[in-house]
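Trainee: model this:
(2 chains)
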Amino acid sequence: MQISGRLELSRRHLLIVGAASLAASSIATPLPAAAQPARTGAPVMTRVSFDVNGETHQLELDTRTTLLDALREHLHLTGTKKGCDHGQCGACTVIVDGRRINSCLTLAVMHQGDEITTIEGLGTPDGLHPLQAAFVEHDGYQCGYCTPGQICSAVAVLAEVKAGIPSHVTADLNAPVRLTNAELRERMSGNICRCGAYSNIAEAISEVAGRSA
Amino acid sequence: MRSFSYERAASPGAAAAAAASTANAKFIAGGTNLLDLMKLEIETPAHLIDVNDLALDRIEETADGGLRIGALVRNTELAADARVRRDYGVLSRALLAGASGQLRNKATTAGNLLQRTRCPYFYDTNLPCNKRKPGSGCAAIGGFGRQHAVVGASEACIATHPSDMAVAMRVLDAVVETVRPDGTTRSIPIAELHRLPGDSPEIETVLQPGELITAVVLPRPVGGTQAYRKVRDRASYAFALVSVAAIVQPDGTGRVALGGVAHKPWRVEAADAELPRGAKAVTARLLGDAKPTKDNAYKLPLAERTLAAVLRDPRA
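Mentor: Numbering: from 1, shown residues only, chains lettered A, B, ... in the order given. Presented below is the predicted three-dimensional model:
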């Protein structure tokens, strides 16, 4: 009993410390990501169609359905992951009309006619996308949960650099952009890897960037 | 998330009229801030008006040599625009210092201005917050306040405006163009768009119900060396503790605005005149009325030193 009491005390202490660090977090979302049922109002259904990985899909969805949930729960494309569900972790990154976005922070109904690419559309187990192969080669993950988002983001980062889009660390706004390690890390900052595989992720992307340069 | 009905507006005027005539309606453009808050039921609109079809996504030159930025121009496009990079470097720099690549691809010019002024207690629905629930009190006052406002705050709210872009818009004297539900338009200087919290922190701008931002106009370029320096807890993807937007002319005159210190982008025109006398003189005027707590008093010397660093090496 005494041991249990002490455990509770230390657990309570941990909770207090946890709450303080949450309050300190610069992008605060103290609630867990679990979906909550609507408390009022009947669901409003609506139709939407968009292309995913080259295939057109027509869906009838609750207006509240995010693009992420449409992909995972309705189209069963579970490669795209739900991490924080608040745009902070990047696990849900997909490419829509050529741009990477957080699929958790956009409504499916807002994507009528759009072309969406998910991790399933980049490569197959027998024909990996060069970035998928590079992540395997460089061990750019540990648990792998953030990996689809990392790879979708990296594909778009290489395109953004090619298009000359500057970043926070670009020294000269009016000169061509070069993909240095600092550039790569800045541009990938919207993708969190809780396992901390960052150095290997950076090596994987650098290798592909160097190859295609 | 509460359920809501949804429509796509066909014109700015129709969008504004629909917003005024439908109960509890909100515009949605990028949606990155609104959906985040709807998931937590901090925002609970019954109807969403999607404005993405409104063709407000162009950047055009104005007759007097400035730029008219459509309300729907994405943060990425605005930061990368060659004219902005060349003539309004402080704006490109501020945009690129904000959020993440994914969010900048979605976030719009108007949405960036209209994101909620917020703090961790605004997000914590278990605690009182005058902004979230008017009259309930402010849990941030006396709470963990190192991120909070040092100037222009009130007994009701000490949150800071999180936008980097808006600080650059303030130093550039941008003008916001809107359409109202009756179809009339007006121009609002950026200095007047955002309100200080006073005793109604839930009202963050001077926009009327249903009023829609259609564009943000930048006056003709003012030249000078332009810089935006942001100090934060990590190197990327974090809100500012303090940020400095500055335009410095070869003769040492210029303009300064601060982010991370107030409920709105913070600029005091009289402080600009102190620029030739250095960072200490400028921040003394800018933050002369500051009422910091022991948790956030560090922001005063941090603002001064950040400005000093910018003046020493404005391109950094």
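
Trainee: report pLDDT for A:R211.
Mentor: We note a pLDDT of 73 for A:R211 in this prediction.

Trainee: quick check: which element contains it?
Mentor: Counting by DSSP states H and E, the element that carries A:R211 is helix A:198-212.

Trainee: and that helix, which residues are buried?
Mentor: Judged by neighbour count using 16 or more other CB atoms under 10 Å in any protein chain shown, the buried positions of helix A:198-212 are A:N200, A:I201, A:A202, A:E203, A:A204, A:I205, A:S206, A:E207, A:V208, A:A209. All C-beta atoms are positioned from the backbone trio N, CA, C, and that covers glycine.

Trainee: cool, and stretch B:186-203?
Mentor: Those would be B:I188, B:I190, B:A191, B:L193, B:H194, B:R195, B:L196, B:P197, B:P201, B:E202, for stretch B:186-203 by 16+ other CB under 10 Å.

Trainee: any idea of the mean pLDDT for it?
Mentor: For stretch B:186-203, the mean pLDDT works out to 98.

Trainee: contact partners of it?
Mentor: B:113, B:117, B:130-132, B:134, B:152-159, B:161, B:166, B:169-170, B:173-178, B:180, B:204-207, B:216-217, B:262-265, B:267 (CB atoms under 8 Å, 6 or more residues apart in numbering or on different chains).

Trainee: after whatever helix or strand A:G149 lives in, next one along is what?
Mentor: Taking DSSP H and E as the definition, A:G149 sits inside helix A:147-162. Scanning the chain past helix A:147-162 towards its C-terminal end, the next helix or strand to appear is helix A:181-187 (assignment: DSSP H and E).

Trainee: tabulate the CA atom coordinates of that next one in CSV.
Mentor: Provided in CSV are the C-alpha atoms of helix A:181-187 (Å, rounded to 0.1, in the frame of the first residue of the first chain):
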residue,chain,number,x,y,z
ASN,A,181,21.6,20.6,-44.8
ALA,A,182,20.4,23.7,-43.0
GLU,A,183,17.9,24.4,-45.8
LEU,A,184,16.7,20.8,-45.6
ARG,A,185,16.2,20.8,-41.9
GLU,A,186,14.3,24.1,-41.9
ARG,A,187,12.0,23.0,-44.7
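
Trainee: mind listing what whichever residue of the stretch 1-150 of chain B sits closest to chain A touches?
Mentor: For the stretch 1-150 of chain B and chain A, the shortest gap (CB to the nearest CB) falls at B:S100, measuring 2.6 Å. B:S100 is in contact with A:G87, A:G90, A:S189, A:G190, B:S236, B:Y237, counting by CB under 8 Å, 6+ apart.

Trainee: now render those as JSON lines, adding distance to A:Q58.
Mentor: Supplementary listing: these in JSON lines, determined by distance: CB to CB, whole Å:
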{"residue": "A:G87", "distance to A:Q58": "27"}
{"residue": "A:G90", "distance to A:Q58": "29"}
{"residue": "A:S189", "distance to A:Q58": "36"}
{"residue": "A:G190", "distance to A:Q58": "31"}
{"residue": "B:S236", "distance to A:Q58": "39"}
{"residue": "B:Y237", "distance to A:Q58": "36"}
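
Trainee: would you check which pair of those lies furthest apart?
Mentor: The largest separation in the contacts of B:S100, counting by CB to CB, is between A:G87 and B:S236 at 14.7 Å.

Trainee: who has more neighbours, the two?
Mentor: When A:G87 and B:S236 are compared on other CB atoms under 10 Å in any protein chain shown, the one with more neighbours turns out to be A:G87, at 28 against 19.

Trainee: next, count neighbours for B:R118.
Mentor: Neighbours of B:R118 using other CB under 10 Å come to 23.

Trainee: distance of it from B:A297?
Mentor: Distance of B:R118 to B:A297, given as CB to CB, to the nearest Å: 22 Å.

Trainee: now swap in B:C119 and tell me
Mentor: For B:C119 relative to B:A297 (CB to CB), the value is 17 Å.

Trainee: more crowded one of those two?
Mentor: Between B:C119 and B:A297, counting by other CB under 10 Å, B:C119 is the more crowded of the two (27 against 14).

Trainee: spit out the contact partners of the closest residue to chain A within the stretch 151-300 of chain B.
Mentor: Closest to chain A within the stretch 151-300 of chain B is B:S236: 3.6 Å, counting by CB to the nearest CB. Contact analysis of B:S236 by CB under 8 Å, 6+ apart lists A:H168, A:R185, A:E186, A:S189, B:S100.

Trainee: go again with 10 Å.
Mentor: Residues near B:S236 by CB atoms under 10 Å, 6 or more residues apart in numbering or on different chains: A:167-169, A:185-190, B:97, B:99-101, B:230.

Trainee: equivalent analysis for B:R104, please.
Mentor: A:99-101, A:165, A:167, A:190, B:30, B:32, B:74-80, B:95-96, B:98, B:112, B:165.

Trainee: let's see the pLDDT reported for it.
Mentor: Looking at B:R104, the pLDDT reads 98.

Trainee: next, it: secondary structure please.
Mentor: Per DSSP: H, G, I helix; E, B strand; the rest coil, the local secondary structure of B:R104 is helix.
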